[in-house]
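Participant: A structural model of the following input is requested.
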Amino acid sequence: VKSVAGSIQPTSASEDAGPTPSLTKLRKTRSLSGTKVEDNLQLTENNKLIVTIDVINLFDHFLFASGEVPSEIIEQGTREYLISRLPEPALSEALEIFKNYMSYIEAQETANAEAMSNLDPNSIHNMDPYEAMEKGEETKEKMLTHLSNSLNQIKQARREHMGEAVVEGIWAKDEYYDDYTLTRVRILADSNLSEDERIDKIIEHEKTLPEDLRQKNEGPVSHDK
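Facilitator: Sure thing, here's the model as predicted:
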């Protein structure tokens, strides 16, 4: 494994890239001016891209300028940055992931807009999850179903646009923790459990987390107890 962050020598790709006008415009936006790109990309010894959340974090850095410049400038500027930083085959891999990520974002925005356009202001979608848990069994079950469906929709969209291998590299821990949290909410919402039973189930459920996530979660869970 090798990092490309902070590399001094340009890649052959960057030597042929020429001017980067879109990237220059991006860096001058109010959102990005004075910021540092968190470039933590890593490659194998054969210059293949190692797909982790750092790839998406890099894309999101430039997408932070959305609304200040046209999307075409953001997309081209991101491509210019990748060209300046990565050798082949990592470059082609990163460009493909970026194209698919933009497709995923667009699909999510479209789906959200369509869902909200005909939404009843009093529907479960507009209700705070914690408030819903206090409004009786029917509302509670509707909220749990809504949360589960929402997570499944996001998972499905990621795989449709990004592919299973990329999703696994980028969002595996996030999705695991989402599932863990939903199960935890179900335990807290289970009116058939006594307070002691609920605490015991929460403690047992906590043990299903991988060690790194368990340590990260230990403080908030202790506080809840």
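
Participant: number of nearby residues for Leu144?
Facilitator: Residue crowding around Leu144 was assessed by other Cβ atoms under 10 Å; the count is 18. Every residue, glycine included, has its C-beta placed from N, CA and C.

Participant: contacting residues for it?
Facilitator: Residues in contact with Leu144, defined by Cβ atoms under 8 Å, 6 or more residues apart in numbering, are 182, 185-186, 189.

Participant: would you mind listing which of those residues are buried?
Facilitator: Among those, those classed as buried by 16 or more other Cβ atoms under 10 Å are 185, 189.

Participant: can you lay out the contacts of Leu144 as a markdown table showing pLDDT, secondary structure and distance to Ser31?
Facilitator: Rendered in a markdown table, the data for the contacts of Leu144 read as follows (pLDDT from 0 to 100; DSSP: H, G, I helix; E, B strand; the rest coil; distance: Cβ to Cβ, whole Å):
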| residue | pLDDT | secondary structure | distance to Ser31 |
| --- | --- | --- | --- |
| Leu182 | 95 | helix | 33 |
| Val185 | 92 | helix | 34 |
| Arg186 | 93 | helix | 39 |
| Ala189 | 91 | helix | 39 |
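
Participant: strands of the chain, start to end?
Facilitator: For the chain, the strands defined by DSSP state E occupy 2-3, 42-43, 49-50.

Participant: which one of the contacts of Leu144 is nearest Thr208?
Facilitator: Set against Thr208, the nearest of the contacts of Leu144 by Cβ to Cβ is Leu182 (12.7 Å).

Participant: for that closest one, give its distance to Lys140.
Facilitator: Distance, Leu182 to Lys140, using Cβ to Cβ, to the nearest Å: 13 Å.

Participant: kindly report the same for Val166.
Facilitator: When Val166 is compared with Lys140 (using Cβ to Cβ), they lie 35 Å apart.

Participant: cool, and Asn192?
Facilitator: When Cβ to Cβ is the yardstick, Asn192 and Lys140 sit 12 Å from each other.

Participant: looking at those two, which one has more neighbours?
Facilitator: Counting neighbours by other Cβ under 10 Å for Asn192 and for Lys140 shows that Lys140 has the greater number, 19 against 6.
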